[in-house]
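Enquirer: Here is the input, now give the coordinates:
(2 chains)
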There are 2 protein chains.
Amino acid sequence: MSITLYGLCGANPDRPFSPHVWKVALALAHKGLDHTVRSVPFTAIPAIEGGATKTVPLLRDGDRLVSDSFEIALYLERTYPDRPSLFGGPGGEAMARFVESWSQTQIHTALVRMVVLDIHDLLAPEDQTYFRASREARLGRALEEVVAGRDGERDAFTARLEPLRSTLKGQAFIGGPSPLFSDYIVFGALQWARITSPLKLLAGDDPVSAWFERCLDLYQGLGRSVTAA
Amino acid sequence: MSITLYGLCGANPDRPFSPHVWKVALALAHKGLDHTVRSVPFTAIPAIEGGATKTVPLLRDGDRLVSDSFEIALYLERTYPDRPSLFGGPGGEAMARFVESWSQTQIHTALVRMVVLDIHDLLAPEDQTYFRASREARLGRALEEVVAGRDGERDAFTARLEPLRSTLKGQAFIGGPSPLFSDYIVFGALQWARITSPLKLLAGDDPVSAWFERCLDLYQGLGRSVTAA
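Expert: Below you'll find the predicted structure:
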């Protein structure tokens, strides 16, 4: 059976940038599952698979359709149990939800305030219209106002990473000596920023930076297949 | 073989309050291991077991001595593998380190600024002298100055709990449908505050409050065996 991962791109179809799609791309590589990636712009998402989803990632595996990155990871874990585990057991599956919650509430919220205008600028015109309207409604300000203070946000962002930095004192990955889906969750957020924005987020000597480079190296450098902005 | 857990108390030996000792108390209950608790004041710690440790918890299990709460949890998991798992597999063991890092860097640092003077006040005089000197050196200010702004810190503290609150939307415990050591890690921090300080930290309708009550109920209400301050 063939697997298709539907993802997100801007004007350039070769630069997929969705954090949640990157999580799934690494999860598929982790499981060693061959697949085709189809990246579409924001305004084309509702037409995917006959209106199957409002958001990407969407995974088609034979006759199954699954959306939401964590649901896809769970699906892959259940469907391909003989391949390397994405969670390392039931405790890891539950705690990956904590990592996801941390990443969404602490990391994504900070990153979006720094990169949202850069994302806008790499979209095609019709997507820019959709993106600006939806994000300005969500953020309550013009995108230009949101990012105006971004240089001052970097120190606060560095502080927000402290739980990850502290974890990495004792182990190479959030998942332990080798990566698990929990790593891909946080990787996805930083990869999103790496691909969309030239803003340098991490100091070179930050242990989080070393961990991110290790994640970029995984699966024959899958994360490096799209260059930094 | 008999198990002894050395813990920490103030002037009243029946009110052990160390967050890290509470983690181990729940871990021992989780494993169903009978044990004796011996709580000592700060200045008596160096005399425990002939100078075996500078900090509690310290666990004696037969002829083995183990210190540090996470190391003790790992020891119990390895030594009593047929009893209920504290981690739910290798992924959960690795990610419990992330939960610990989050708790230490985000929760403990905030709590100490709110409860440090209350802790001081429940110690015996000789321990107060040690505690004030060591904590004022660490915090860089008089204890009274540290806690002066604590009422204003509560909103920020509530915000810090957002990753846990978000996790609890989908599951009853950090460990999933039932608790794991990762729950006891965060429970220990809030139990420390509950026992030492009358400050009300959580709104009654906060999902974190409901989770904390569930943790207090565990093992025949073990956490409630010491009343709130």
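
Enquirer: switch to C-alpha atoms for all contacts and neighbour counts from now on
Expert: Fine.

Enquirer: how about the helices of chain A, start to end?
Expert: Secondary structure of chain A (DSSP state H): helices at A:19-30, A:69-79, A:90-102, A:109-121, A:125-139, A:143-147, A:150-160, A:162-167, A:181-196, A:207-221.

Enquirer: Could you figure out how far the third one is turned away from helix A:181-196?
Expert: Which is helix A:90-102. Per axes from the mean of the first three to the mean of the last three C-alpha atoms, to 10 degrees, the angle that helix A:90-102 makes with helix A:181-196 is 30 degrees.

Enquirer: The helix or strand of chain A with the lowest mean pLDDT close to chain B?
Expert: Ranked by mean pLDDT, DSSP states H and E, the weakest helix or strand in chain A is helix A:150-160, scoring a mean of 90. No: Helix A:150-160 stays clear of chain B (C-alpha under 8 Å from any C-alpha of the partner chain), getting no nearer than 9.0 Å.

Enquirer: got any ranges where chain A has weak pLDDT?
Expert: For chain A, the stretches flagged by pLDDT under 70 are A:1.

Enquirer: Would you mind confirming that residue A:185 makes contact with residue A:103?
Expert: Yes: counting by C-alpha atoms under 8 Å, residue A:185 touches residue A:103, with 7.3 Å between them.

Enquirer: More neighbours: which of these two?
Expert: Higher neighbour count among residue A:185 and residue A:103: residue A:185, with 28 against 22, using other C-alpha atoms under 10 Å in any protein chain shown.

Enquirer: nearest residue to that one other than its sequence neighbours?
Expert: Using C-alpha to C-alpha, 6 or more residues apart in numbering or on different chains and skipping residues adjacent in sequence, the residue nearest residue A:185 is residue A:23, 5.6 Å away.

Enquirer: Show the contacting residues for residue A:100.
Expert: By C-alpha atoms under 8 Å, 6 or more residues apart in numbering or on different chains, the contact set of residue A:100 is A:182, A:185, A:186.

Enquirer: Pull the contacting residues for the last one.
Expert: To tie it back to what came earlier, the one meant is residue A:186. With contact set as C-alpha under 8 Å, 6+ apart, residue A:186 has these partners: A:99, A:100, A:103.

Enquirer: Not counting its neighbours along the chain, what's nearest the last one?
Expert: Across the structure, with C-alpha to C-alpha, 6+ apart as the measure, the residue nearest residue A:103 apart from its sequence neighbours is residue A:186 (6.0 Å).

Enquirer: how about the residues of chain A near chain B?
Expert: Residues of chain A lying near chain B (C-alpha under 8 Å from any C-alpha): A:87-99, A:101-102, A:105-106, A:162-164, A:166-167, A:171, A:174-176, A:180.

Enquirer: Filter those residues down to the buried ones and express that as a PyMOL selection.
Expert: Burial among the residues of chain A next to chain B is assessed by 16 or more other C-alpha atoms under 10 Å in any protein chain shown; the matching PyMOL selection reads:
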select buried, chain A and resi 87+88+89+90+91+92+93+94+95+96+97+98+99+101+102+105+106+162+163+164+166+167+174+175+176+180
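
Enquirer: deepest of the helices of chain A, which one?
Expert: helix A:90-102 (a mean of 26; mean count of other C-alpha atoms under 10 Å in any protein chain shown).

Enquirer: Can you check what angle separates that helix from helix B:150-160?
Expert: Using the same axes, to 10 degrees: helix A:90-102 against helix B:150-160 is 120 degrees.

Enquirer: Would you report the backbone torsion angles of the nearest residue to residue A:41 once chain neighbours are set aside?
Expert: Closest residue to residue A:41 apart from its sequence neighbours, by C-alpha to C-alpha, 6+ apart: residue A:9 at 5.0 Å. Dihedral pair for residue A:9: phi -140, psi 170, per degrees, to the nearest 10.

Enquirer: wait, residue A:9 sits on residue A:40?
Expert: Yes: Residue A:9 sits in contact with residue A:40 when judged by C-alpha under 8 Å, with a separation of 5.5 Å.
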